[in-house]
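**Student:** output the structure for:
(2 chains)
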2 protein chains.
Amino acid sequence: MPFAAATADQRFVLDHVVRLDEIAATERFAAASPDVIEAVLDGVAQFAAGEWAPLAKIGDTVGAKWTPDGVVMPDGYAAAYRAYVEGGWGTIGVDEAWGGQGLPFVVQAAVLETLGTADMAFALAPTLTVGAIEALAHHGSHEQQATYLPKLATGEWTGTMNLTEPQAGSDVGALRSTATPRGDGTFSIKGTKIFISFGDHDMADNIVHLVLARTPDAPAGTRGISLFLVPKVRLNGTPNDVRVVSIEHKMGLHASPTCVLSFGDHDDCVGELIGPEFGGMRAMFTMMNNARLNVGLQGVQIAEGATQKAAAYARDRVQGAREGKAAAIVEHADVRRMLLRMKAQTMAARALVYYACGQVDRATLGDARAKERLEVMTPLAKAHATDLGNEVASLGVQIHGGMGYIEETGAARYFREARITPIYEGTNGIQAADLVGRKLALSNGGAFADLIADMRAEAQHATLVRLIDACESVGRRLQGLGNDDRQAASYPFLTMLSVASCGWLMERQARVPEADAVKRTVAAFYLDQIVPEALGLEAAANADASVLYALPADAF
Amino acid sequence: MPFAAATADQRFVLDHVVRLDEIAATERFAAASPDVIEAVLDGVAQFAAGEWAPLAKIGDTVGAKWTPDGVVMPDGYAAAYRAYVEGGWGTIGVDEAWGGQGLPFVVQAAVLETLGTADMAFALAPTLTVGAIEALAHHGSHEQQATYLPKLATGEWTGTMNLTEPQAGSDVGALRSTATPRGDGTFSIKGTKIFISFGDHDMADNIVHLVLARTPDAPAGTRGISLFLVPKVRLNGTPNDVRVVSIEHKMGLHASPTCVLSFGDHDDCVGELIGPEFGGMRAMFTMMNNARLNVGLQGVQIAEGATQKAAAYARDRVQGAREGKAAAIVEHADVRRMLLRMKAQTMAARALVYYACGQVDRATLGDARAKERLEVMTPLAKAHATDLGNEVASLGVQIHGGMGYIEETGAARYFREARITPIYEGTNGIQAADLVGRKLALSNGGAFADLIADMRAEAQHATLVRLIDACESVGRRLQGLGNDDRQAASYPFLTMLSVASCGWLMERQARVPEADAVKRTVAAFYLDQIVPEALGLEAAANADASVLYALPADAF
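**Tutor:** Model (predicted):
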C-alpha cells in the first residue's frame, strides 16, 4: 500500500482546531502564510513518501546495530537522513536567527507527523533534536546558541536527552551522574545513562548530548541537578570520552538505537553547563514538555498509518458475503465499526495534539492563558493520544485477521511500535499524576475551570455536555483530596477529560461549513458512541484509594 | 521470577463457580474426587514449573525452524514433550475406553491453563490434539477411534485442524481442497492449507491431520465439505504425501510452528473420511467449539502469567517515594490500580472460561439446559477472555516501564503472544456475530432469557443489576433486527454481556464463606469500577448500522 500523508486532514485541523490564521496574523509568525503552509505540508508529504516510507520495513527487520566503533544504521538511512537535511525539513520551527524558518511549533508538528507516519523510529532522530534545540534556545548562552543551534537546526548535528540512569527511571531526582569543574569553565562528566534514543548513529557529523548531572556538593534530589551539553565530537574535532556500551533489544522501534551511554570512562568527558547551576530540572522540563507533545504526536502517526493500512486491506480482501453477494470485508458491519472507530480515534488524537501544539505558539506570542492551557493539555495529549495509538494499532491487526499476526504484512509493526509511546517521556501514569497534582492546582484551579468553561461554551451534543459536567465535578472533587485518593482516580479522570476535550474539538470540526460528509460522520460516531464510554469511567474516577490499599503488597 | 501455577485460584473456581462437586457426584465423572483433582492440579503445577516454563524464553527467541526435512523445535522441546507424554498429562479428559482418565473437560482445562501459563506456544500442541480427539470421539468410526484415540490420548501422536486456505480465511465455505475416492474406501487428498499450528514438528512419532475438503460433485459452500483424517505417517509406516511448504514469521508464538501444508503434491496423499460425507462442518464445529473455549483459556494463561510477572516487578522495583519514604512502585496508587485491575480481569476471565467449560461436562451428562448455556457462553468465553488477556498483558508491559519494552524482561512476550488470541479460532468479531445471530435466537430466545434470569436471581450489586437489565434490553432489541443492525451492535453487546457474566460470577465468588480478603477485594473492585465501564457501551449497543454505512467503502 502506498504511503499517503494526511495532508488534507492536517490542513483542516490547522485551520479549524488550531485556528492557525490567528497565529499567522502576528509579526512573529508572519511566515506562516497559507501558501507557505501548503507548500510545507505537500512538500514533506512527497519527501516522506519518496525517501523515508520505503525504509520502515528494513529499519524494523534489520534494525540499528551496535559495533565497537559505534552504532550502524540499516542501509539507506544515512542517505535518507542527508536528504532530510538538504530538504531543510529540520529548520521548520527554528528561529530565523539560527537559520530556521521561524514557522510555528504546530507546523513543525505537522511535518514530524508526516515523517513519523512514514517511519516512526527514524523520525525519533529529528524529534529528539527538536528537544535539544528548545533547551538551548531557552537556556543556552548566546555563544552556545550561536555555536550549536545552526547545526542542530539543519540536522547536520542531532540531539539527545540524557535523563534516565539504571537506578533512576521515572525518578529523575535519584540520578547520580557527576559534573566536576575542570577549572576552565567546562566540566568533567561521569556516569551511565540508559534509554538514550539515537544516542549514537552514523548519519550525522556530530551528536549533541544534553545530560543531567550533579555538581560537587549539589543538594540531593531534583534540586541539585544541572544540565550539561556534551558533544560526541568536541569543537576542535577530537572525539569526546563518550562510549556506547550497548543498544537495547526492543519489541519495536528497531531503527531507533536505544543506547546505554557511558560518559567519562577515561575521565576525559568534557561538557559545558547549560543555564544556571541547579537549573537542570527547569531546562529538562523545557525539553520534556514539548517532547511530550511530540510523543503524543507519535500516537497520531501510528493511528494514521495503521488506519490507512487496515482500510486498504479491508477494501481489498474479499471474504464472506453481504446481501447475497461476495463482499470485501469493508462491507461487513463489525469491520466498518472497527474502521470507523480507527478513523474517529485518529481524528480525535490529531485534534487533541495539534490543539495543544497550537498553545505552544500562542504562549510564545505572550498569551498567558494559552500557556496555562498548554500545561493542562500536555498530559492529555501525551497520554491519551498514545493510548489511542495503541488502540488503533491493535484494531488494525484485528482487521487483518491471521495475516495481521504475520510480520511481513506490516500491521504488527505499528502494534509493536505503539507500545513504547505510553511509557517514554514520562509514563502515562505520570501524566495522570501531573494532571491531578500540578495541573488541577494551576492558578488555584483557574486553568482547569477555564478549560471546562471553554468546552461548555461550545459543546452542544447532550452526552458531551454530560461528560463535561462529570469532568468538572470529578476535577473539583480531586482538587480537595490528599495524594493517594487523587492518584487513585487520576487515570480514569485523565481519560474522561481527554475524551471530553476530543469531543469538544470533534464537534467543532463537524460544525464548520467546510466539513465534508466523512468528517461529519466520523465526528458523529465519536460523539454518539465513544463519548458515552468515558462516562463509564465516572465510578472509577469517583472512587477513593481505599480499595487499592486494602491489601498488603504481597497480595498482588 | 519463578513460575507458580494458580492452583489455589483454579481450585476455588472449580469449587464455587463450576461447582465441580455436582459434576463429580455422577457415575460418569466419579473419578473426579477432591483428592484426585488436588493431585492433578498440584502435579501439573510442579511439572509445568519444572519442565515447561524454563523453555518459554528459548522458544520465543530461537523458535521453531523450517528445514527441508520438516520443522525442528528449539532445544529441549522434544524432551519436555516426552516428559509430558510420560506424565500422562494428555490423558486427563479422554474417555477411559481409549486409555484416558475420564476426568471432566473443565479439569483438563485447568491442566491446559497451567501448561499454557508456563509456555503458551508449547501448550498449543496438546490443545490442538484435544480438538482432534473430540472430533474423532464424536464422529469417527469405532475402528478409527480404536486406531487413533489411544495414541492421541497419550500424546504420542499429536493432532492438527486444517481449515484455512489462502483464499478462505474466516469463510470456510470457500475452501477448495479436494478428496477423490481411491476405490478402496480411502480418499486422495489434494490442496493447500495455511495457518496450521504444529502442522509439523519433531516431538512425536506421528501427526494426525484433520482436513476439510470437498468430494467430487460436492455442493458449493459449507454444505459440500467433508472431514478427512490424514496421518503424517501411514499406519504401514510409510510417509504420507504431506509437505511443509513453509512456516510463518509471526509477532509471537515462535515456538508454535504455523505451517503452510501441501497435501498430495505427488497425488499420493491418503486420507480417510471421518463421519458422513458432507458432515465436515458439523465435525468441524465439534472441534472448534471446544477449541474456542481453549483459546479463551489462553486469555487466562496470559493474564495469569503477565500479572504474576508485573506484581513481582512492582514489589521489587524501588522508585520514588510514598509518605516521605523510598517506596517500591507497588506502593504507588496508579500502579496498584493497574495491578488490581490485572488481578480482577484475570479472576474474571478464569471464572468465565471455567464456567463455560463446566457446561461442557454438564452437557455430556445430558443436561439440555447446560448445552444451551454452553452455546451462549462460548463466544463470550472466547472473545472476552482473549480481549482481557490482551488488556492485562498491555498493563503488564506498562508496569515494567521502559524495561517492559526490552525483550529480555519477558513482559513483551505476553503482549506479543496475546495478540493472536482474538484472531484465531474465529475472530472475536465472528464470535460477536455468532452471539447476536445464532445464539440470541436459540430456543426462540429462551437460552438468552435463561442466562439473564440466572444472573438476575443471584446478582445483588446495584450496578451489576443495572448492567443485567441493560443486557436484557439490548439483547431483546437485537433479536428483532435485520443482519446489519444486529452486527453493528454485536461487539459492544458481547462485551456488555461478558462483563455482566463475569460480574455475576465474581459476586458469587466473593459471597462464599471460603473467600479470603484478596478475593473479596478484587471482586469489589471489579463490581465497583469495571462493571460501570460496560454500561458506557450501552449507547453503541443501541445504535443501528446507519452510521457505519453512511460512507462509501473508499471513504475509509
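**Student:** show me the shaky parts of the stretch 101-250 of chain A.
**Tutor:** Residues of the stretch 101-250 of chain A meeting the criterion pLDDT under 70: A:169-170.
**Student:** same question, chain A
**Tutor:** Using pLDDT under 70, chain A drops low at A:1-2, A:169-170.
**Student:** the same query, at a cut-off of 80, please.
**Tutor:** Applying pLDDT under 80 to chain A flags the ranges A:1-3, A:168-172.
**Student:** which part of it gets nearest to chain B, residue-wise?
**Tutor:** Closest residue of chain A to chain B, Cβ to the nearest Cβ: A:G536 (2.2 Å). (C-beta placed from N, C-alpha, C; glycine too.)
**Student:** neighbours around that residue, how many?
**Tutor:** The tally of other residues near A:G536 (other Cβ atoms under 10 Å in any protein chain shown) stands at 21.
**Student:** which non-adjacent residue is nearest A:E331?
**Tutor:** Nearest non-adjacent residue to A:E331, counting by Cβ to Cβ, 6 or more residues apart in numbering or on different chains: A:R322, 4.6 Å away.
**Student:** what secondary structure does A:Q301 sit in?
**Tutor:** helix (DSSP: H, G, I helix; E, B strand; the rest coil).
**Student:** wouldn't it be in contact with A:V111 here?
**Tutor:** No. The criterion here is Cβ atoms under 8 Å, and A:Q301 misses it with A:V111 at 11.7 Å.
**Student:** the two: which is more packed in?
**Tutor:** Between A:Q301 and A:V111, counted using other Cβ under 10 Å, A:Q301 has the larger neighbour count: 31 against 25.
**Student:** skipping adjacent residues, who's closest to that one in space?
**Tutor:** Setting aside the residues directly before and after it, A:Q301 is nearest to A:G116 in space (Cβ to Cβ, 6+ apart), at 3.7 Å.
**Student:** got the contact list for that neighbour?
**Tutor:** Residues near A:G116 by Cβ atoms under 8 Å, 6 or more residues apart in numbering or on different chains: A:123, A:127, A:297-298, A:301.
**Student:** what helix or strand is it on?
**Tutor:** helix A:105-118 (DSSP states H and E).
**Student:** do the helix or strand that that helix is followed by and chain B come into contact?
**Tutor:** Reading on from helix A:105-118 to the C-terminus, the next helix or strand found by DSSP H and E is helix A:120-139. No. If you take Cβ under 8 Å from any Cβ of the partner chain as the test, helix A:120-139 misses chain B, and the best it gets is 12.6 Å.
**Student:** now stretch A:454-469
**Tutor:** Yes. Counting by Cβ under 8 Å from any Cβ, chain B is contacted by stretch A:454-469 at A:T463.
**Student:** in CSV, list the C-alpha atoms belonging to that stretch.
**Tutor:** Taking C-alpha atoms only, stretch A:454-469 is exported to CSV below (Å, rounded to 0.1, in the frame of the first residue of the first chain):
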residue,chain,number,x,y,z
ASP,A,454,-14.5,26.9,27.1
MET,A,455,-15.8,23.4,26.4
ARG,A,456,-19.1,24.2,27.9
ALA,A,457,-19.5,27.4,25.8
GLU,A,458,-19.2,25.4,22.6
ALA,A,459,-20.5,21.9,23.3
GLN,A,460,-24.0,21.0,22.1
HIS,A,461,-24.1,17.2,21.9
ALA,A,462,-26.1,16.1,25.0
THR,A,463,-23.7,13.3,26.0
LEU,A,464,-20.7,15.5,25.6
VAL,A,465,-22.3,18.1,27.8
ARG,A,466,-22.9,15.4,30.4
LEU,A,467,-19.3,14.3,30.2
ILE,A,468,-18.1,17.9,30.6
ASP,A,469,-20.2,18.2,33.7
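**Student:** now that stretch: buried residues?
**Tutor:** For stretch A:454-469, burial by neighbour count (16 or more other Cβ atoms under 10 Å in any protein chain shown) applies to A:455-456, A:459, A:461, A:463-468.
**Student:** which one of those is nearest B:Q144?
**Tutor:** When these are ranked by distance to B:Q144 (Cβ to Cβ), A:T463 comes first, at 58.5 Å.
**Student:** need the strands for chain A, in chain order.
**Tutor:** Secondary structure of chain A (DSSP state E): strands at A:65-67, A:70-72, A:157-162, A:178-181, A:187-197, A:206-214, A:225-231, A:242-247, A:258-263, A:270-274, A:318-322, A:325-328.
**Student:** adding distance to B:L380 and mean neighbour count, write those strands out as CSV.
**Tutor:** Output for those, formatted as CSV (distance: least, Cβ to Cβ, whole Å; neighbours: other Cβ atoms under 10 Å in any protein chain shown):
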stretch, distance to B:L380, mean neighbour count
strand A:65-67, 47, 13
strand A:70-72, 48, 18
strand A:157-162, 46, 26
strand A:178-181, 58, 19
strand A:187-197, 40, 22
strand A:206-214, 50, 25
strand A:225-231, 52, 25
strand A:242-247, 44, 19
strand A:258-263, 40, 23
strand A:270-274, 57, 23
strand A:318-322, 22, 17
strand A:325-328, 27, 13
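**Student:** could those strands be laid out in a markdown table, adding distance to B:A24?
**Tutor:** Formatted as a markdown table, those follow (distance: least, Cβ to Cβ, whole Å):
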| stretch | distance to B:A24 |
| --- | --- |
| strand A:65-67 | 58 |
| strand A:70-72 | 62 |
| strand A:157-162 | 61 |
| strand A:178-181 | 67 |
| strand A:187-197 | 53 |
| strand A:206-214 | 63 |
| strand A:225-231 | 64 |
| strand A:242-247 | 55 |
| strand A:258-263 | 54 |
| strand A:270-274 | 72 |
| strand A:318-322 | 43 |
| strand A:325-328 | 49 |
